[in-house]
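In: my questions concern the predicted model and sequence given below.
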Amino acid sequence: MRLKYSILSRRKFLNFLLGGWAITFFSTLLYPIIKFIFPPYKEPEEVILPLAEFKDMSLYSAKNFSWGSKPGILLRKEGGFVAFIGVCTHFDCNVSWLPDQKKFFCACHNGWYDENGINIAGPPPAPLPKLNVEIDGENIIIKRWIKA
């Protein structure tokens, strides 16, 4: 059975498809711009960790902690603890500590950082972001690094 009048004409159907395509196209263009202007996460001012969990670490060993929505790495060296945001400066891939080589490694594009977080090989354009570490009684207080 054929209908005499259709609810949706061909022109309306094509306009609907074209409009849906245009909305999808422009939203994929606008999303990264909006995400850049209004980041979806906020970096914390400080993180407090219990010293008891970290004081038995051997020399040149590292443990991960949460720095907001990103991983942080607490490394024990001769002078005490140093902390970094454990995200590669190239494409935000997670960085891991290799204790036998005393280097940080990013597996995404073969990026390497030394024990001080300085980029030494691969595509990373900048050093790992460093964090300020203070020991206060039974707590380790990790704060954002303030450049002087």
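Out: Yes, it's here.
In: could you use CA atoms for every contact and neighbour count after this?
Out: Will do.
In: and Lys77, how many neighbours?
Out: Neighbours of Lys77 under the rule other Cα atoms under 10 Å: 16.
In: which residues does it contact?
Out: Lys77 sits next to Leu59, Tyr60, Ser61 when contact means Cα atoms under 8 Å, 6 or more residues apart in numbering.
In: by neighbours, which of those residues wins?
Out: Counting neighbours by other Cα under 10 Å, Tyr60 leads those with 18 neighbours.
In: which parts of this protein are helices?
Out: 10-37 (DSSP state H).
In: how about low-confidence regions in it?
Out: Along the chain, segments meeting pLDDT under 70 span 1-3, 146-148.
In: what about Arg11, neighbour count?
Out: 9.
In: so the protein: which segments form each domain?
Out: 8-40, 46-144 (automatic domain parsing).
In: pick the most deeply packed of those.
Out: Here the criterion is mean neighbour count by mean count of other Cα atoms under 10 Å, and of the domains of the chain the winner is domain 46-144, at a mean of 17.
In: one step back: ok, the contacts of Lys77 vs Ser27, which is closest?
Out: Ser61 (44.9 Å; Cα to Cα).
In: Pro99 is in contact with that closest one, correct?
Out: Yes - using Cα atoms under 8 Å, Ser61 is in contact with Pro99, at 6.1 Å.
In: still on that earlier bit, now, which of the contacts of Lys77 sits nearest Phe36?
Out: Once Cα to Cα is applied, the member of those that ends up nearest Phe36 is Ser61, at 34.8 Å.
In: and that closest one, what does it touch?
Out: Going by Cα under 8 Å, 6+ apart, Ser61 touches Leu75, Arg76, Lys77, Pro99.
In: could you dump the residues you listed to CSV with distance to Pro127?
Out: Formatted as CSV, the contacts of Ser61 follow (distance: Cα to Cα, whole Å):
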residue, distance to Pro127
Leu75, 16
Arg76, 18
Lys77, 18
Pro99, 19
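In: out of those residues, which are inside strands?
Out: Judged by DSSP state E, the subset of the contacts of Ser61 located in strands is Leu75, Arg76, Lys77.
In: and of those, the nearest to Tyr113?
Out: The shortest approach to Tyr113 among these belongs to Leu75, at 13.3 Å (Cα to Cα).
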